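Novice: requesting a structural model of the entry that follows:
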Amino acid sequence: MLTFTQRKEQAAKLCGIHYQEPEMAIIVSNINLADKLFENAARRGWTRREKIANITADKQYYQIASDMHRVSSVRCKTYTDGEIIVPLTEVQSEYEWNKLNAFPFKTSYPTHYYIRGNDEIGIYPCPSEDVTGGLIVSYEPRIRDMGIDDFTFTADVTQGSVSITNPDTVGLPGGFKPYMTENFWIKSNDAEDGNWYKVQKVIDSNTMQIDNNYLGPSGTGVSFTMGQVPPYPEEYHEAAIYYACFKFFAMRKDTDSSAMYRTLFQDLLNEYRETYGSKTTGGVINPQSYNVPNISDVFKMGRLTEGL
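Specialist: Below you'll find the model as predicted:
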C-alpha cells in the first residue's frame, strides 16, 4: 500500500528532482489526475455509498448526492404488499426518457430512473404515495484531490478493538476530524503490527473507528502514522507514479523515458479496466433498443392509480 506522500516521493526520485523543488507541484497534480483516470476506468464497488431519500407523492425528481461520480443502482421501497425493495432500470438518454413519460401515470412503485443533468434523478412512473426512505441510490463518490503529507500522532488503543481514542494535541491539533474518513489510513509504528487500517468513522474529536480490529498490542500514547491512500486496490497504487513520470519527461522532451513510463502506466490501467471495468450493476435501457410499452403492458408492470 502506498500513501500520497510515498507516491509523491517515489515519483520525485524517478524524475531526478528534489522533493522541495517547484516541479513537485506538477508531480502532485499528475498523481491526482492519474487517480481520476482510474476512477473513470471501472466501477468501484469497494467505495460505494448510499443516499436514502423520502419519496413524495406526485414528485418525480429528487436531488442526488453532491459527491456522486457515478450511480451504481437505484432501488425503491414499497409497502403495497408489505415492505418490498425493487431495483429500477436505468434510462440512458433524454429522448428515451421523454418517450417513456409520454404516458404520465402514477404508481405505487416506480420501475425506471433517469439522471437529469448533474444534480437530479427522475423516477417513472410518478409515485402515487409518500414512502419514508423510499428512494435508495447506491453510487460511487468522486475521488478528492490528495495533498496532505503523512503525519504522526499518538493515541490510546486496545488490541481487538476498532476504536482509537485520546489523540495527542501536538500531532493532531483539534483531534480527529470528519474529513479523515475520506481515504485516510493509519498504521501503528510499533514493530509488532505493520498493518494499515482504514479510518471508517469519526465519532468525535476524541474517538475514531477503524475498519478492522486492531491487531497490535494495547497501549496508551501509541505512535501512529496517518496518510491518504487512493481508493482502489493497492496493486495499482504505483500507476500514478508512472503517470507523473510520463508527464514530467514529456514536458522535458525526453521521449524515451516518457514512452517507457507511459507504457508502464497504460499496462496497469488496462489491467485494472479489464478486471473491474466490465462489471454491471443492473438493467439498462439503451437508445434504439427500447419500445414504449402499450397501455396494457404498463398496467401489468405496476399498480397504477389514476392518470395525472
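Novice: surely residue 168 forms part of a strand?
Specialist: No. Using DSSP: H, G, I helix; E, B strand; the rest coil, the assignment for residue 168 is coil, not a strand.
Novice: how many neighbours does it have?
Specialist: If you count neighbours by other C-beta atoms under 10 Å, residue 168 ends up with 14. Using the backbone N, CA and C atoms, a C-beta is placed for each residue, glycine as well.
Novice: and it, how far is that from residue 240?
Specialist: 31 Å (C-beta to C-beta, to the nearest Å).
Novice: likewise for residue 92?
Specialist: 31 Å.
Novice: more crowded one of these two?
Specialist: residue 240 (29 against 15).
Novice: mind giving me the packing neighbours of the longest helix along the chain?
Specialist: Longest helix in the chain, counting residues (DSSP state H): helix 255-276. Contacts defined by 3 or more C-beta pairs under 8 Å, 6 or more residues apart in numbering; DSSP states H and E place helix 255-276 against helix 24-41, helix 239-251.
Novice: check which residues of the shortest one are buried.
Specialist: Translated: helix 239-251. For helix 239-251, the neighbour count (16 or more other C-beta atoms under 10 Å) marks 239-249 as buried.
Novice: gap between it and the chain center?
Specialist: 24 Å (C-alpha atoms, centre = their mean, to the nearest Å).
Novice: among the buried residues of helix 239-251, which one sits closest to residue 177?
Specialist: Among the buried residues of helix 239-251, residue 240 lies closest to residue 177 (C-beta to C-beta), at 24.8 Å.
Novice: pLDDT at the closest one, what is it?
Specialist: Here, the pLDDT recorded for residue 240 equals 97.
Novice: how close does it sit to residue 27?
Specialist: Distance from residue 240 to residue 27, by C-beta to C-beta: 10 Å.
Novice: give the residues shared as contacts by the two.
Specialist: Common contact partners of residue 240 and residue 27 (C-beta atoms under 8 Å, 6 or more residues apart in numbering): residue 11.
Novice: tell me where the model's unsure across this protein.
Specialist: Where the chain drops to pLDDT under 70, the residues are 19-20, 43-47, 79-82, 278-308.
Novice: now residue 245: how far from residue 13?
Specialist: In terms of C-beta to C-beta, residue 245 sits 10 Å off from residue 13.
Novice: do residue 249 as well
Specialist: From residue 249 to residue 13 the distance is 14 Å (C-beta to C-beta).
Novice: buried set for stretch 158-170?
Specialist: 158, 162, 164-165, 167.
Novice: for residue 6, which of the helices and strands packed on helix 255-276 is the nearest?
Specialist: Nearest of these to residue 6, taken as C-beta to C-beta: helix 239-251 at 9.0 Å.
Novice: what sits against residue 159?
Specialist: 214-218.
Novice: 10 Å - rerun?
Specialist: For residue 159, the contact set (C-beta atoms under 10 Å, 6 or more residues apart in numbering) comprises 192-193, 213-219.
Novice: looking at these, which is nearest residue 144?
Specialist: Distance to residue 144, by C-beta to C-beta, is smallest for residue 214 among the contacts of residue 159, at 26.1 Å.
Novice: what about the closest one, how many neighbours?
Specialist: Count around residue 214 with other C-beta under 10 Å applied: 21.
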